[in-house]
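A.B. asks: How does the following fold in three dimensions:
(one chain, ligands or ions: 1)
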Amino acid sequence: MDTISVGRTKLALKQGDITLESTDAIVNAANSSLMGGGGVDGAIHRAGGPSILDEYKTIRNQRGDLPTGEAVITKGGNLKVRYVIHTVGPVWRGGTHNEDQLLTNAYKNSLALAVKHNIRTIAFPCISTGVYGFPGERASRIAFRTVSEFVRKHDQIHEIRFIVFGMGDYQLYQTLFHDESTPQGTA
Ligand code: AR6
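C.D. replies: From the prediction side, this is the model:
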């Protein structure tokens, strides 16, 4: 696991299955219908058990579909985490449909919800970079920038982990971590 500090928050990078994390919360790359799905969403529902879908039903009854970029929270069910924050990343449509801003919103709104629920440690997957087709490098830069900007303004979250599935994503984030931790002009 690679780690750096940004402001008073530790950022960590780890390759693996996010459902095994024991942070206060993990983030799910969900879809607007909140019915479960494949990828990381499927893995979270399989490991978390049916109580998460039960909570989805209540949320859907209250507010309908979850718009892209927004986030909701459920308990962790059978997972090790207290909470799962479910956000919807954008489907990549060539980059001209506000995808960058919507991905920024997904990270930002997840973090805002975490602060509201006194979550101190949280793990993110690479939102939108699987089925939704968002280019990995562009997504990693947006994720890293959004998280870094957030923790510079809010220091309530002690640790944020980027949980990447593949080695390619690991290397992308490792470069971003390295650039952030190397004072300008010395690299
Ligand atoms: N732990 C960590 N990362 C994972 C895991 C895991 N267990 N499984 C997959 N990934 P995706 P999206 C990585 O497709 O692109 C669902 O059906 C994966 O390698 O899960 O936002 C939803 O219901 C990739 O890097 O999410 C939506 O319909 C990243 O997680 C749709 O897919 C995101 O891939 C959302 O698509």
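
A.B. asks: quick one: the helices in this protein?
C.D. replies: Here the chain has its helices, by DSSP state H, at 39-48, 51-63, 99-116, 136-153, 167-181.

A.B. asks: could those go into JSON lines alongside mean neighbour count, mean pLDDT and distance to residue 23?
C.D. replies: C-betas here are computed from N, CA, C, even on glycine. Listed next are the helices of the chain as JSON lines, based on neighbours: other C-beta atoms under 10 Å; pLDDT from 0 to 100; distance: least, C-beta to C-beta, whole Å:
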{"stretch": "helix 39-48", "mean neighbour count": "19", "mean pLDDT": "98", "distance to residue 23": "13"}
{"stretch": "helix 51-63", "mean neighbour count": "14", "mean pLDDT": "97", "distance to residue 23": "16"}
{"stretch": "helix 99-116", "mean neighbour count": "20", "mean pLDDT": "98", "distance to residue 23": "10"}
{"stretch": "helix 136-153", "mean neighbour count": "18", "mean pLDDT": "98", "distance to residue 23": "14"}
{"stretch": "helix 167-181", "mean neighbour count": "16", "mean pLDDT": "96", "distance to residue 23": "17"}
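
A.B. asks: Those helices: which one's closest to residue 6?
C.D. replies: Nearest to residue 6 among the helices of the chain is helix 136-153; the distance by C-beta to C-beta comes to 4.9 Å.

A.B. asks: For that closest one, name the packing helices and strands.
C.D. replies: Judged by 3 or more C-beta pairs under 8 Å, 6 or more residues apart in numbering; DSSP states H and E, helix 136-153 is in contact with strand 2-6, strand 9-15, helix 99-116, strand 159-164, helix 167-181.

A.B. asks: Show me which parts of the first one are buried, residue by residue.
C.D. replies: Spelled out, it's strand 2-6. Neighbour-count burial for strand 2-6, counted by 16 or more other C-beta atoms under 10 Å, picks out 4, 6.

A.B. asks: ok, back up a step: export the helices of the chain to JSON lines and tack on distance to residue 21?
C.D. replies: Shown next, in JSON lines, are those (distance: least, C-beta to C-beta, whole Å):
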{"stretch": "helix 39-48", "distance to residue 21": "10"}
{"stretch": "helix 51-63", "distance to residue 21": "15"}
{"stretch": "helix 99-116", "distance to residue 21": "14"}
{"stretch": "helix 136-153", "distance to residue 21": "16"}
{"stretch": "helix 167-181", "distance to residue 21": "16"}
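
A.B. asks: Of the ones you listed, which is nearest residue 5?
C.D. replies: Here helix 167-181 is closest among the helices of the chain (C-beta to C-beta), at 8.2 Å.

A.B. asks: mind saving the C-alpha coords of that closest one as CSV?
C.D. replies: Output in CSV follows, covering the C-alpha atoms of helix 167-181 (Å, rounded to 0.1, in the frame of the first residue of the first chain):
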residue,chain,number,x,y,z
MET,A,167,-2.2,-3.1,-12.1
GLY,A,168,-2.7,-0.5,-14.9
ASP,A,169,-4.8,1.6,-12.6
TYR,A,170,-2.3,1.1,-9.8
GLN,A,171,0.4,2.6,-11.9
LEU,A,172,-1.7,5.6,-12.9
TYR,A,173,-2.4,6.5,-9.3
GLN,A,174,1.2,5.8,-8.2
THR,A,175,2.3,8.4,-10.7
LEU,A,176,-0.2,10.9,-9.2
PHE,A,177,0.9,10.1,-5.7
HIS,A,178,4.5,10.5,-6.7
ASP,A,179,3.9,13.9,-8.4
GLU,A,180,2.0,15.1,-5.3
SER,A,181,4.7,14.1,-2.8
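
A.B. asks: Understood, closing this out.
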